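Engineer: attaching a predicted model along with its sequence, questions to come.
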Amino acid sequence: MLQPYPWHQVQWQEMQQRISGGRLPHALLFSGPAGVGKLDFALLLAASLLCDQPDAAALPCGNCRGCQLLAAGSHPDFRLLQPEEEGKEITIGQIRELLVWQALTPQYGRARAVIIEPADRMNANAANALLKTLEEPGREVLLLLITARPAALLPTIRSRCQQLPFAAQSGAETHAWLSGQLADAQQAALALAISGGAPLRARALVAEGGMERRERLFADFAALLEGGQEPVALAAQWQPLSLPETLATLHGWHVDMARLKVTASPARLDNPDLRERLQALSERVDLAELIQRQGRLQEAMRLARGHPNTQLLLEDILLGWSGGSRQARSAATTR
């Protein structure tokens, strides 16, 4: 990507004003929901700083030595720190290597850039080690920390970074961009609503079959509440699916059902196409229980960031909805 997304124009202009005014800090924290393009923005900013011939809008040229090295993943003045495996943490070893690297001088260009994503995946030792870099930044080094969970970072890390927020999107420019990506304005609007205003997540949802999976999940979920599905068997059917996606989908339905319990005409639903079906399901449970189940799903989503027993986690959620006994739910969580 050689230019910012339409919904990033304000942030891009702010960054360029800071650069031109000599006010760029040594550390920036990009925070906001997943799927709004924070990593792409950070990569573009790094490319701009490392480009030999940025244009009048400070966008990278894409052709110079710096841009070519960056595209090849071999620029000596750039580092991208991410977990080495999905579901793993960023380790103290990775941060220690960064400490050694940041003590060097730039080999090309006028700056160096480091992106840590997601920053909230640093383990405790890594986070504490990063504080040394934040307190004693290397020469010409810009640190870009990216997270969807800023509260999960150490307060001392947050206080040493200037923050740049990225919000969920629902404006006309975002809709136009997504409609162009999907070639279907109606589908784009629905996908964006389901994704909580995260355009990149909405695009992936459609491209990777997420809309079809969601429809099947809802049919299974409705059948469970109506007594036509057995929870343990259903958990086994859902086990091969993406656990974070499944839990986020269930959570969105719970939120909408709670909204529909409060008022028959809520200002917004994350699943507007399911309004009537969610209304019918919401009549099977009271508001207090819906809120309690939202909390259980939020805890399950937290656990899903590690390496949980997927089958047992899903059983616990589904047994609760099926009206299974307290003893059955307890057994599912302690096995």
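Structural biologist: Thanks, I have it.

Engineer: OK, contacts around A111?
Structural biologist: A111 makes contact with 49-50, 77, 140-142 under the criterion Cβ atoms under 8 Å, 6 or more residues apart in numbering. Heads up, the C-betas are built off the backbone N, CA and C, glycines and all.

Engineer: swap in 6 Å and give it another go.
Structural biologist: 49, 140 (Cβ atoms under 6 Å, 6 or more residues apart in numbering).

Engineer: could you do G35 as well?
Structural biologist: G35 is in contact with 198, 200-201, counting by Cβ under 6 Å, 6+ apart.

Engineer: for the residues you listed, which one is nearest L104?
Structural biologist: L200 (33.7 Å; Cβ to Cβ).

Engineer: now the closest one. Nearest residue, chain neighbours left out?
Structural biologist: Spatial nearest neighbour of L200, excluding adjacent residues (Cβ to Cβ, 6 or more residues apart in numbering): G35 at 4.6 Å.

Engineer: top of the contacts of G35 by number of neighbours, please.
Structural biologist: A198 (24 neighbours; other Cβ atoms under 10 Å).

Engineer: wait, it touches K38, no?
Structural biologist: No - with contacts counted by Cβ atoms under 6 Å, A198 stays clear of K38, the gap being 10.4 Å.

Engineer: got a list of what L281 touches?
Structural biologist: Residues near L281 by Cβ under 6 Å, 6+ apart: L225.

Engineer: now it: which helix or strand?
Structural biologist: helix 275-282 (DSSP states H and E).

Engineer: that helix: how far from the chain's middle?
Structural biologist: Computed by Cα atoms, centre = their mean, to the nearest Å, the chain-centroid distance of helix 275-282 equals 28 Å.

Engineer: try stretch 305-320
Structural biologist: With Cα atoms, centre = their mean as the basis, stretch 305-320 stands 21 Å off its chain's centre.

Engineer: could you give the mean pLDDT of it?
Structural biologist: The pLDDT scores in stretch 305-320 average 89.

Engineer: quick one: buried residues of that stretch?
Structural biologist: Neighbour-count burial for stretch 305-320 flags 305, 310, 313-320 (criterion: 16 or more other Cβ atoms under 10 Å).

Engineer: following the helix or strand where A219 lies, which helix or strand comes up?
Structural biologist: Taking DSSP H and E as the definition, one finds A219 inside helix 210-225. Sequence-wise, the next helix or strand downstream of helix 210-225 (DSSP H and E) is helix 231-238.

Engineer: show me what that following helix is packed against.
Structural biologist: When contacts are defined as 3 or more Cβ pairs under 6 Å, 6 or more residues apart in numbering; DSSP states H and E, helix 231-238 packs onto helix 310-322.

Engineer: go with 8 Å
Structural biologist: On a contact count with 3 or more Cβ pairs under 8 Å, 6 or more residues apart in numbering; DSSP states H and E, helix 231-238 meets helix 210-225, helix 310-322.

Engineer: and the contacts of the longest one?
Structural biologist: The one in question is helix 210-225. Residues outside helix 210-225 that contact it (Cβ under 8 Å, 6+ apart): 187, 190-191, 194, 204-205, 229, 231, 234, 237-238, 241, 245-246, 249-250, 253, 274, 277, 281, 284, 318, 321-322.

Engineer: now list the buried members of the residues you listed.
Structural biologist: Buried among the contacts of helix 210-225 by 16+ other Cβ under 10 Å: 187, 190-191, 194, 204-205, 229, 231, 234, 238, 245-246, 249-250, 253, 274, 281, 318, 321-322.

Engineer: which strand runs longest in this structure?
Structural biologist: Counting residues, the longest strand found in the chain (DSSP state E) is strand 141-147.

Engineer: per the record, what domains does this protein have?
Structural biologist: As assigned by automatic domain parsing, the chain contains the domains 6-165, 209-334.

Engineer: could you dump those to TSV with distance to H175?
Structural biologist: TSV is the format used below for the domains of the chain (distance: least, Cβ to Cβ, whole Å):
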stretch	distance to H175
domain 6-165	10
domain 209-334	14
